[in-house]
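> here is my input, please return the structure:
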Amino acid sequence: MGTKERWRRTRPLPEDIESRIKGLVRLFEEEGVLLAYLFGSFARGERGEDLDLAVLPGRENFPEIWEAVLDYLGSERFDLVNLRSAPLWFQFEIIRTGKMIYRKSIDIENDYELRVVKMYQDREPVRRRQHEIFKERLRTRWS
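Numbering: from 1, shown residues only. You can find the predicted model right below:
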């Protein structure tokens, strides 16, 4: 399902979405978020059909954070990723390509990002080997 089809029956993002993104800082502070990233089209400076956000909650309140973002934006055209449960490769990509829009402290940011990058690098040999096995299976299956 394409992005346009996915959001067909939902209200569009508000016209002032760029200023609302900046306003999310206050919401994240109130909800106890430790870190928040913008990724996807808006992080690349393009206005897309939806908003891609990732948060590292400070407590077990992800559903409440999602509801607060929904109320604040006035649209369901956003994806909110919980960095506590996202796959490691996705966390790494968000750090690598996303844009930090909120951090409770520089120490929290450094600790989180260094931990994710280290774990990602530590698992690189395993990922590389899995990729080689996958390519070999494709080659033998389709040759």
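> centroid-nearest residue for the protein?
Residue closest to the average C-alpha location in the chain (CA atoms, centre = their mean): residue 54, at 3.3 Å.
> beta-bridge partners for that one, please?
residue 37, residue 81 (DSSP bridges).
> was I right to think it contacts residue 78?
No. Here residue 54 lies out of contact with residue 78, judged by CB atoms under 8 Å, at a distance of 11.0 Å. Backbone N, C-alpha and C define where each C-beta goes, glycine included.
> any weak-confidence spans in the chain?
1-8, 143 (pLDDT under 70).
> give the buried residues for stretch 76-92.
Buried residues in stretch 76-92, counting neighbours by 16 or more other CB atoms under 10 Å, are found at 77, 78, 81, 83, 86, 91, 92.
> now, these that are in strands?
Members of the buried residues of stretch 76-92 lying in strands (criterion: DSSP state E): 78, 81.
> quick one: which two of the buried residues of stretch 76-92 are the most distant?
Farthest-apart pair in those is 77 and 92; separation 25.4 Å (CB to CB).
> which element is residue 138 on?
Counting by DSSP states H and E, the element that carries residue 138 is helix 124-142.
> how about stretch 132-139: buried residues?
Neighbour counts over stretch 132-139 (16+ other CB under 10 Å) mark no residue as buried.
> same question, stretch 56-69
Going by neighbour count (16+ other CB under 10 Å), the buried part of stretch 56-69 is 56, 57, 62, 65, 66, 68, 69.
> what do you get for stretch 21-30?
Buried residues in stretch 21-30 (16+ other CB under 10 Å): 21, 24, 27, 28.
> same question, stretch 111-122
112, 113, 116, 120.
> export only the CA atoms of that stretch, formatted as CSV.
Output in CSV follows, covering the C-alpha atoms of stretch 111-122 (Å, rounded to 0.1, in the frame of the first residue of the first chain):
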residue,chain,number,x,y,z
ASP,A,111,24.8,7.3,25.9
TYR,A,112,22.0,6.2,23.7
GLU,A,113,23.6,6.9,20.3
LEU,A,114,27.0,5.4,21.3
ARG,A,115,25.3,2.3,22.6
VAL,A,116,23.3,1.8,19.4
VAL,A,117,26.2,2.4,17.2
LYS,A,118,28.5,0.1,19.2
MET,A,119,25.9,-2.7,19.2
TYR,A,120,25.3,-2.2,15.4
GLN,A,121,29.0,-2.4,14.7
ASP,A,122,29.5,-5.4,16.9
